[in-house]
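Engineer: following is a predicted model, sequence given first.
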Amino acid sequence: MKSLWNDDEASLYQGELGQRVYSSRLLGREPTLVLHGGGNTSVKVSEKNLLGEEEVLLYVKGSGADLEHIEANGFAPVRLNPLLKLAKLPALSDPEMVNALRTQ
């Protein structure tokens with residue numbers, strides 16, 4: 001498969017999330033790789049929160065977002081440290097998980 005990456009085009013997308021937007025769009029353009037509108041991509045970044053503290057976020061492509069036309073706001077940010085703690089629990093219902101992630 002021929003790479004569609006173009007450094008000039010990629011330079012228009014700033015930061016790690018921007019680069020993921022660009023690479024997601026490239027994947028979405030290729031019908032042999034993804035079904036129309038489907039596919040999942042994500043990127044892990046370190047950013048300052050509202051309190052000025054560094055934290056690791058996982059930006060995950062949201063359901064229903066089309067890879068070929070995705071924008072940065074099509075990625076949902078999830079705080080990684082609370083997520084990793086939740087993953088160690090022996091059991092966690094969907095409502096418990098949603099509540100825990102919304103209140104973190």
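Structural biologist: Arrived safely, thanks for sending. Numbers count the residues shown, from 1 in each chain.

Engineer: could I get the full set of strands for this protein?
Structural biologist: 42-48, 54-61, 75-79 (DSSP state E).

Engineer: take these and write them to a markdown table, including distance to V34 and mean pLDDT.
Structural biologist: C-beta: built from backbone N, CA, C; applies to glycine. Formatted as a markdown table, the strands of the chain follow (distance: least, C-beta to C-beta, whole Å; pLDDT from 0 to 100):
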| stretch | distance to V34 | mean pLDDT |
| --- | --- | --- |
| strand 42-48 | 15 | 96 |
| strand 54-61 | 11 | 96 |
| strand 75-79 | 16 | 93 |
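
Engineer: out of the ones you listed, flag the one nearest Y22.
Structural biologist: When the strands of the chain are ranked by distance to Y22, counting by C-beta to C-beta, first place goes to strand 42-48 at 11.0 Å.

Engineer: what lines up beside the closest one in the sheet?
Structural biologist: Next to strand 42-48 in the sheet, as set by DSSP bridges, lie strand 54-61 (antiparallel).

Engineer: next one, pLDDT for Q104 please.
Structural biologist: On pLDDT, Q104 comes in at 69.

Engineer: could you pull up phi and psi at A91?
Structural biologist: phi -150, psi 150 (degrees, to the nearest 10).

Engineer: how near is it to M97?
Structural biologist: Separation of A91 from M97 (C-beta to C-beta, to the nearest Å): 11 Å.
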